[in-house]
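Chemist: mind folding the following:
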Amino acid sequence: MSRKSTFDEFEELGQESLDESKSDRKESGEVTAAQNKPETPSEIAFTPMKGGTVREEHYGRDEGMRDKRKQKSKTGKKRRIPIVGIIFAVIQLICSGVFLWSLGTLDMLPMRYFALVVILLLVLAGIAFALQWLRHVHIVGKVMAALVSILLIIVTIYIARTHGLLQNITAGSTYQTDKIVVAVLQDDEAESIVDAVDYEFGITRSLDREKVDLAISQINDTIGVQISTVEYDSYSDLVNALYDGDVEAIIYNQAMNDLIEENNEGFTERVRILDNFDVQTEVFMEDVPDLPITEDPFILFLSGMDVYGDIQETGRSDVNILACVNPTTKQVLLISIPRDAYVEIPGITSYGEKDKLTHAGMYGVQYSMNALEELFDVDVNYYVRVNFSSLIMMVDALGGIDVDSDYAFSTYYKQYTQATDTWEYYNYTKGTNHLNGDHALAFARERMNLPGGDYQRGKNQQKVIEGLLEKIKSPSILLNYTDLLDSLSGKMDTSLSSQQIASLVKMQLNDGAEWNIVSASVYGTSSQEYCASYSGSPLSVEILDDDSIAAVKEVIDALFAGEVISEPRTTDLESAYEVDEDELDSEYYMNNHASDWEYGSDYFTVGKNGGGSSSGSSDTEADYDYSYDQGYSGDYDYSYDYSEGSGTDYGTDTTVPDDGYTDDAIYEETYVEEDYGSYDTESVYE
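Modeler: Residues are numbered from 1 along each chain as shown. Modelled structure (predicted):
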């Protein structure tokens, strides 16, 4: 037998030492089952020590520790639950539910799009939950859930505001507010209504009597005694009584202020408002039909009130447009009716009386609708009403609009602000003009410096509406959405229900169809006639042409029948208002059609190439040759009947302006071209 090597002896010695050590620890309870497994010599390292002893080392200790962790994991250790991440995902899911509820309540999104939104939100919620369990991307899941939740909250707020606005503007006016004023002469000593306790107050006998009586009750409560009143048959008599000293003060509806000024030049300078009282009265409205407006044709009355402030404020209807809509054939007919149209107003006029269409607005929008129903023999189903403030704020909220002007012209416009009222020159070029709110309002109101006068104004009003619609349809509206909502709140009113508006939006989103929009106007001739709203003095009115009305009615019938419509046939009267482009550029037209009477030395240009996009003063007065104007000068002879055949005798009193004077009064001459260079002049003082 061979002798053992030194290494073999060391190995045997090490094994014996290890066995003894394990036996001792086992007896003391320090050895576990895992530690009690047999170990091979290869797992032991020997290190010689001082004195010849040998120390044992566990060569595979690290491997043993890893084996322990793996075995412990296999025996049931629980993984950590991502509580924070799950909270983020749950918040996202809740926001999604609230958003879908709001979207469903608004009911503007077609079902197929709504279903896609539901699927998208469910997928996003599923991703948010799944990412929380992945070790290296759970942070991404939290960030995504937070961003989606914030976005849903913002959009839900927009939806809630939209829904609130629809509820606000579609509630329908149940009342209107009239401002009844007490006026005295400028030099009167009274500083307040209390100082006028012993005054005699002039009032009209019947016009606005109910509202004036309500104001008188407020006055009596304010001063503690019952005031003394004197009745007059007309506003002319009322004003003259104040001028003559028969009464110390007069009480009247402020909505009549411009009308009084039109017939009593200098009225606003000679009197001052001592006090005013708001009177609320119930608005007369007929039952509003609940038509399926996505299926059946309907007629919508667009009314623009000539007042600033709250939409409930009473005023004249300065813009009168009928929008005839066929939702099946996607066609719209916009019909402009002159504000001075001499019409019957059921409920206001009687026994053959007539009045200006614009005056109907002072009594309530239903009376304007009744007048147009009588005129065209149609049912006017709904209305939308705005005023000066809403138009200005709406255009500004949209960042301005683009309109296409048929002519270059300038206008002198009174700009109303909270701080002051200022007069501004606005210039418009032929072609596209980018307009802010004030420029858009001035563009829609100007008539005296335009060929065709009130008829061209009607066309310009339609252009403003089209400009608004184009801007609203553009994606840029999203940047100004909240401003647009704010501009409409309290400044717009409609009898359409929120459900009907939502159904129209849903229909358009669903089919995305293009609409055929056709414009038309009703024409007439100027005259001086008595009006129901202002007895005692004839006013400047438009006698509408029967052929023009018939031509428009033909197109309305065609639209309701589902036919493809075009502009109404041209009548002889309409042709008289057409202006030849070459004539428009001529010196003759400029000299005879430019208006300088109302604003004294200020001269306004009308032409193809004049004007500009910014406001500024005109300095073209020097180019105006008064001697060329067939003897016409800036002087108006009040004793002469300028209506030429209207049949009205104005008398010979030259101390006051003609009773036909209106708010934008100007000496306007309409030329009917018979052949170039020869004109039949119809002079109209409006």
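Chemist: what's the nearest residue to residue 333 if we skip its chain neighbours?
Modeler: In space, and not counting its chain neighbours, residue 333 is closest to residue 324: 4.1 Å by Cβ to Cβ, 6 or more residues apart in numbering. (C-beta placed from N, C-alpha, C; glycine too.)
Chemist: is it correct that the one you found is in contact with residue 559?
Modeler: Yes: here residue 324 lies in contact with residue 559, judged by Cβ atoms under 8 Å, at a distance of 5.4 Å.
Chemist: the two: which is more packed in?
Modeler: Legend: neighbour count by other Cβ atoms under 10 Å for residue 324 and residue 559, higher for residue 324 (25 against 22).
Chemist: so where is this structure shaky, pLDDT-wise?
Modeler: Residue ranges of the chain with pLDDT under 70: 1-79, 171-173, 413-422, 476, 478-479, 569-686.
Chemist: tell me the domain boundaries of it?
Modeler: Domain assignment of the chain by automatic domain parsing yields the ranges 6-74, 83-169, 175-282.
Chemist: the nearest residue to residue 357 once chain neighbours are set aside: how many residues sit nearby?
Modeler: Setting aside the residues directly before and after it, residue 357 is nearest to residue 341 in space (Cβ to Cβ, 6+ apart), at 4.3 Å. Residues lying near residue 341 (other Cβ under 10 Å) number 23.
Chemist: mind listing the residues bridging to residue 341?
Modeler: residue 542 (DSSP bridges).
Chemist: what about the strands in the stretch 201-350 of the chain?
Modeler: According to DSSP state E, counting those that start in this stretch, the stretch 201-350 of the chain carries its strands in the segments 228-232, 249-253, 271-282, 298-305, 317-326, 331-336, 342-343.
Chemist: now the angle from the fourth one to strand 317-326?
Modeler: It refers to strand 298-305. 160 degrees (axes from the mean of the first three to the mean of the last three Cα atoms, to 10 degrees).
Chemist: mind listing what strand 298-305 pairs with, with the direction of each?
Modeler: Here, using DSSP bridges, strand 298-305 pairs with strand 317-326 (antiparallel), strand 382-387 (parallel).
Chemist: same deal with the second one?
Modeler: For strand 249-253, sheet partners with direction are given as strand 175-185 (antiparallel), strand 200-204 (parallel), following DSSP bridges.
Chemist: will you turn the domains of the chain into a markdown table that also has mean neighbour count?
Modeler: As requested, the domains of the chain are exported to a markdown table (neighbours: other Cβ atoms under 10 Å):
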| stretch | mean neighbour count |
| --- | --- |
| domain 6-74 | 11 |
| domain 83-169 | 16 |
| domain 175-282 | 17 |
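Chemist: adding distance to residue 555, write these out as JSON lines.
Modeler: As requested, the domains of the chain are arranged in JSON lines below (distance: least, Cβ to Cβ, whole Å):
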{"stretch": "domain 6-74", "distance to residue 555": "84"}
{"stretch": "domain 83-169", "distance to residue 555": "29"}
{"stretch": "domain 175-282", "distance to residue 555": "33"}
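Chemist: out of the ones you listed, which is closest to residue 293?
Modeler: Among the domains of the chain, the nearest to residue 293 by Cβ to Cβ is domain 83-169 (14.3 Å).
Chemist: helix/strand/coil for residue 449?
Modeler: Residue 449 falls in the coil class when you classify it by DSSP: H, G, I helix; E, B strand; the rest coil.
Chemist: run a quick neighbour tally on it.
Modeler: With other Cβ under 10 Å as criterion, residue 449 counts 23.
Chemist: still on that earlier bit, closest to residue 371 out of the domains of the chain?
Modeler: domain 175-282 (17.1 Å).
Chemist: give me the distance between the two termini of that closest one.
Modeler: 4 Å (Cα to Cα, to the nearest Å).
Chemist: got it, and stretch 433-453?
Modeler: End-to-end span of stretch 433-453 (Cα to Cα): 20 Å.
Chemist: list the buried residues in that stretch.
Modeler: For stretch 433-453, the buried set under the neighbour-count rule, 16 or more other Cβ atoms under 10 Å, comprises 433, 435, 437-453.
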